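Asks: 3D model of this:
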Amino acid sequence: MNKYLKIVVFALVGFAMSSCADEDLSPIITFDQAGKGAYVKEVETTNDIYDLNEPTTTAYSYSVEFIDLENGALVNNYSINVEYEDNNPDNGDNSVPVTQYLSFGKGDFGTSVNGKVGITVSIPLADVTNALGLNLDDVKALDVFRFTSSITLDDGQVFTAANSSSAINGSAFGGKFNFNAFVTCPLTDDRFVGTYTLDYVGTAPTLFGGKPYGDLPMTVEVAAVSGSQTRRTFSGMTLLGDLGIGNGPMTQTFDLLCTATLGLDADGGLRCVDNIFISQGSSPVGAFNFDDDTEFTLNLELDVTNDCGAGAVPFTVKLTKQ
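Replies: From the prediction side, this is the model:
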């Protein structure tokens, strides 16, 4: 093992050892301690996709509340921009760059179920395509509408995902500044769930001597993600598990989009500088048969280019129903 690899492995071991500390002794960050003026928090998302089978009526629908030092009363404006990403080559590239879309003021706000100032928003596919100068026929499976929002306070301060911390934008605070709506085919919760065998396709790559998910094959339970019509998850793998450095099991979340699988960021519990993730990265989408849940593949990437300096490691796994 060369000197560089030894340094990296020792860094990973050091992280694994530090992660075993008593969590009860660690500080618990609160919104006040985070020092943020305001942010958008998800209350409920009732529909998170655009249903390709119902293009004229389908809508992305959600409720949010505004978090500030006065339960949202300091928020003066809530604005939403949208970008259309055409990912289906069947009809050329109709992508549209970021465009101002919706703006809400105090008169549009109500009270959330938690007693804070908030709003319920419905974004019909027909409306957003019209706003972007598109026709409904332009929209195909795998296309995605990327929404970015901001809130402006009474004193003129503006808050977005860009000037909010990773804690605010992550699951810890339930932040919902930015969100995506895929054009796809909804799945019922009883499909593509259950006991599957997880294994690498071909020879498993290695990084520092460890495989991305550790040793496979293994048995995993694939489960539907509550509130989503496309999302599934499985867990139990160990990032670079062959190294035996003590990090715990990880969870992989992914979307099933009509014919393609798309992996989402999965935190492996290790770091050199920042946390090391497994995600879709630059890998092509995986494949599945919408009408047959017996097997499907995920094309993923262990990307540590900006962390451990080792570049991206692509790999493919297959899940076969038992």
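
Asks: OK, contacts around the residue nearest to the spatial centre of the chain?
Replies: In the chain, the residue lying closest to the centroid (C-alpha atoms, centre = their mean) is L264, at 5.2 Å. Contact analysis of L264 by C-beta atoms under 8 Å, 6 or more residues apart in numbering lists R231, Q252, T253, F254, D255, S279, Q280. The way it works is simple: take the backbone N, C-alpha and C, and place the C-beta from them, glycine included.

Asks: return the subset of the residues you listed lying in helices.
Replies: Among the contacts of L264, no member falls in helices (DSSP state H).

Asks: buried residues, the helix or strand where Y60 lies. List them.
Replies: Using DSSP states H and E, Y60 sits in strand 59-67. Within strand 59-67, the residues scored as buried using 16 or more other C-beta atoms under 10 Å are A59, Y60, Y62, S63, V64, E65, F66, I67.

Asks: bridged to the second one, which residues?
Replies: Spelled out, that is Y60. Applying DSSP bridges to Y60 yields these beta-bridge partners: I123.

Asks: that one against Y50, yeah?
Replies: Yes - counting by C-beta atoms under 8 Å, Y60 does reach Y50; the two are 6.7 Å apart.

Asks: common neighbours of these two, please.
Replies: Contacts common to Y60 and Y50, judged by C-beta under 8 Å, 6+ apart, are L125, F145, A181.

Asks: and the last one, how far is that from G227?
Replies: Taking C-beta to C-beta, to the nearest Å as the criterion, A181 is separated from G227 by 14 Å.

Asks: now the first one
Replies: When C-beta to C-beta is applied, the distance between L125 and G227 equals 19 Å.

Asks: ok, the two, which is more surrounded?
Replies: L125 (24 against 13; other C-beta atoms under 10 Å).

Asks: which one is that one nearest to, not counting chain neighbours?
Replies: Y50 (4.6 Å; C-beta to C-beta, 6 or more residues apart in numbering).

Asks: so what strands line up beside the host helix or strand of that neighbour?
Replies: In this assignment (DSSP H and E), Y50 forms part of strand 49-51. Paired neighbours of strand 49-51 in the sheet (DSSP bridges): strand 178-184 (parallel).

Asks: got the CA coordinates for the strand it pairs with in CSV?
Replies: C-alpha atoms of strand 178-184 as CSV (Å, rounded to 0.1, in the frame of the first residue of the first chain):
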residue,chain,number,x,y,z
ASN,A,178,-35.8,23.2,-3.9
PHE,A,179,-37.7,20.2,-5.3
ASN,A,180,-38.0,18.2,-8.5
ALA,A,181,-41.1,16.9,-10.2
PHE,A,182,-40.5,14.0,-12.6
VAL,A,183,-42.7,13.2,-15.5
THR,A,184,-43.3,9.5,-15.0
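
Asks: so how far is that strand off the chain centroid?
Replies: 10 Å (C-alpha atoms, centre = their mean, to the nearest Å).

Asks: stretch 106-121 too?
Replies: On C-alpha atoms, centre = their mean, the centre of stretch 106-121 falls 25 Å from the chain's centre.

Asks: list the buried residues in it.
Replies: F109, S112, K116, V117, G118, I119, V121.

Asks: and the closest residue in space to V75 that isn't next to it in sequence, what pLDDT?
Replies: In this structure, V75 finds its nearest non-sequential neighbour in F66, 4.3 Å apart by C-beta to C-beta, 6+ apart. Note on F66: pLDDT of 97.

Asks: between the shared contacts of Y60 and Y50, which sits nearest L270?
Replies: Checking these against L270 by C-beta to C-beta gives A181 as the nearest, at 32.3 Å.

Asks: which ones are touching F296?
Replies: Applying C-beta under 8 Å, 6+ apart, the residues near F296 are F192, L256, T261, G286, A287, F288, N289, K318, L319.

Asks: tell me the secondary structure at it.
Replies: strand (DSSP: H, G, I helix; E, B strand; the rest coil).

Asks: what's the burial count for the residue nearest to it when sequence neighbours are not counted?
Replies: Distances taken as C-beta to C-beta, 6+ apart put F288 closest to F296, at 3.6 Å, once the chain neighbours are dropped. F288: 21 surrounding residues under other C-beta under 10 Å.

Asks: distance of F288 from T261?
Replies: Distance from F288 to T261, by C-beta to C-beta: 5 Å.

Asks: what touches both of the two?
Replies: Counting by C-beta under 8 Å, 6+ apart, the residues touching both F288 and T261 are F296, T297.

Asks: now the helices: where do they sit in the stretch 1-150 of the chain?
Replies: Assignment of helices within the stretch 1-150 of the chain using DSSP state H, counting those that start in this stretch yields the ranges 3-18, 31-34, 125-131.

Asks: before we move on, back to that, would you turn the shared contacts of Y60 and Y50 into JSON lines with pLDDT and distance to S164?
Replies: Below are the shared contacts of Y60 and Y50 laid out as JSON lines (pLDDT from 0 to 100; distance: C-beta to C-beta, whole Å):
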{"residue": "L125", "pLDDT": "98", "distance to S164": "28"}
{"residue": "F145", "pLDDT": "97", "distance to S164": "22"}
{"residue": "A181", "pLDDT": "95", "distance to S164": "21"}
